[in-house]
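Engineer: What follows is a predicted structure for the sequence shown.
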Amino acid sequence: MERLYNFSPGPATLPRSVLEAAQRDLVVLPGIGASPLEVSHRSPWFREVIDEAVTNLRGLLAVPDPYHVVFCQGGATQQFSMVPMNLLRGADTEAEYVVTGSWGARAVHEAEKEGRVRIAWSGAAQGYTRVPASEEIARALSPAAAYVHVTTNETIEGVQWADVPAMPGDVPLIADSSSDFLSRPIDVGRFGLLYAGAQKNAGPAGVTIAIVRDDLLSSVPDGLPSMLDYRTFVEHGSMHNTPPVFAIYVVMLVTRWLRDEVGGLAEQARRNLEKAVLLYDAIDESEGFYRGHAEPSSRSLMNVTFRLASDDLDARFVAQAAERGLAGLKGHRRVGGIRASIYNAMPLEGVEALATFMESFARRPS
Ligand code: PMP
C-alpha cells in the first residue's frame, strides 16, 4: 500500500527519509549488531544519539547557554503537573494562565491541584477563536505572578500566537509548545521553560522535550518525586532511569533532517506558511462554504480548523477525502468540524491535494 497523506494531529506524519533511516537500522545497527529497540541506554551508541539530539535541538532553536534541554516522559500532560509542582508549590504567589484553547484549560485543571492559579485571560466564552491582543495581555498580567503559562499553538481549535507575548517585569513565561515546536524560529531567551510532546513535529510519541532556564531550578521545592523534578533530568542528562531510547533516536533523526535536509527553522517556517496559506485561501475563497474557526490574525499554521454547513456535510467531506488518500481530517471529538494538521513533515503536495479537493467538493458536495 502507498502512504496516505496523513493530516492527523499527533502522532503525526514523519519525514519519509527519517522512517527509511529508522527502517534500515531497525534490525541491525551497523557496527553494533543489534536493533535500536534492543540497545542499552548506557551504550556508547545511545550516548552519541542523545548528545546529537540535544546538540541539534540547541542548534536549530539557538538555545542560549543558561538553558537545559531534557527529555521527559508522561507526555505534555505530565508537564501540566510538573510545571506547577516545580515552580508553584514552593511559591507564595499565584501562577497566571492565558487560556486560548482546550489544552490550556487542561493545564489549568492540573495546576490548580498544586497551588493558587489565576486565569489571566480566557477565550472560552468566545469558543477559543483567538489569542489576546498585546494590550489585552499587558492589562491582564501581574508582575507578581510566579509564572505565566501560555499554549503557543492550540491543537484542537487551531489558534496560534503569532508572537511571544511580553511579560511584566521578570515573570517567567512558560509555554506548552507541543504542536508548533520546531515549526519556526523562536527566541528561546524570552521563555523560562518551554515544553513539547514530540509526536507532532519532533518524533514519535513517548518523549517530551523540555527546555528550562537554569535559574528556575533554584526554587524547586525539595521532596518532589524524582521523576517529576526537573533537576533530576538536568543532573542525570535525562538518564536517571531508562529513557525512551527509540523515541529519542527518532528525535535525533528528525532534528538531523531539519538541520541537513530542510536547512533550518527559517526555511521550515517558510514552507509551513506556504502550506497554510493554500488551505486558508481555499476557505476564504469558498464564499462561506467552508467557515474557518479561528479569527484570521490567530490562525494556526499547524492545525487548520474549519467546518461546513452541517455535521452531515462535515462527515461526507471527511469520507470523500479519505477515498482520495487524504486521511485524518476529522476535527477533535469535542469541537467537531474539520482539522487539517499540516506539521513540518506534511509535504506541499499533500496540502495541494487537499486544497484541490476542497475546491471540487465545494462545487459538488454530493
Ligand atoms: N498540549 C497540546 C498543545 C497538545 O496538542 C497535546 C496533545 N495533542 C497535549 C498538550 C497533550 O499531550 P500528550 O498527549 O503528549 O500528553
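Structural biologist: All right, it came through fine. Numbering: from 1, shown residues only.
Engineer: Can you list the residue ranges for helices in the protein?
Structural biologist: With DSSP state H as the criterion, the chain has helices at 16-26, 44-61, 75-87, 102-111, 134-140, 230-235, 245-257, 265-284, 311-323, 348-363.
Engineer: Report the angle between the fourth one and helix 75-87.
Structural biologist: Counting by axes from the mean of the first three to the mean of the last three Cα atoms, to 10 degrees, helix 102-111 lies at 40 degrees to helix 75-87.
Engineer: Now helix 102-111: average pLDDT?
Structural biologist: Averaged over helix 102-111, pLDDT sits at 98.
Engineer: residue in the chain nearest to the ligand?
Structural biologist: Residue nearest to the ligand within the chain: Gly75 (2.5 Å; Cβ to the nearest ligand atom). Where C-beta positions appear, they are placed from N, C-alpha and C, glycine not excepted.
Engineer: Now do the contacts for the nearest residue to that residue once chain neighbours are set aside.
Structural biologist: Nearest residue to Gly75 in three dimensions, chain neighbours excluded: Gly197, at 5.1 Å (Cβ to Cβ, 6 or more residues apart in numbering). By Cβ atoms under 8 Å, 6 or more residues apart in numbering, the contact list for Gly197 reads 10, 75-76, 178, 205, 207-208.
Engineer: one more time with 10 Å
Structural biologist: 10-11, 72, 74-79, 155, 176-179, 181, 203, 205-209 (Cβ atoms under 10 Å, 6 or more residues apart in numbering).
Engineer: Of those residues, grab the buried ones for ChimeraX.
Structural biologist: To isolate the buried subset of the contacts of Gly197 in ChimeraX, counting by 16 or more other Cβ atoms under 10 Å, use the following:
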select :10,72,74,75,76,77,78,79,155,176,177,178,179,181,203,206,207,208,209
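Engineer: Give me the neighbour count for Pro296.
Structural biologist: Residue neighbour count, defined by other Cβ atoms under 10 Å, stands at 10 for Pro296.
Engineer: Could you report the pLDDT at it?
Structural biologist: 98.
Engineer: and what of Ser366?
Structural biologist: 69.
Engineer: For the nearest residue to Glu114 once chain neighbours are set aside, give me its contacts.
Structural biologist: Setting aside the residues directly before and after it, Glu114 is nearest to Pro84 in space (Cβ to Cβ, 6+ apart), at 3.6 Å. Shown in contact with Pro84 (Cβ under 10 Å, 6+ apart): 91, 95, 97, 107-108, 110-117, 146-147, 149, 174.
Engineer: again, but for Ala124
Structural biologist: 99-102, 104-105.
Engineer: now with 8 Å?
Structural biologist: Ala124 neighbours (Cβ under 8 Å, 6+ apart): 99, 105.
Engineer: State the distance from it to Val148.
Structural biologist: With the distance defined as Cβ to Cβ, to the nearest Å, Ala124 ends up 18 Å from Val148.
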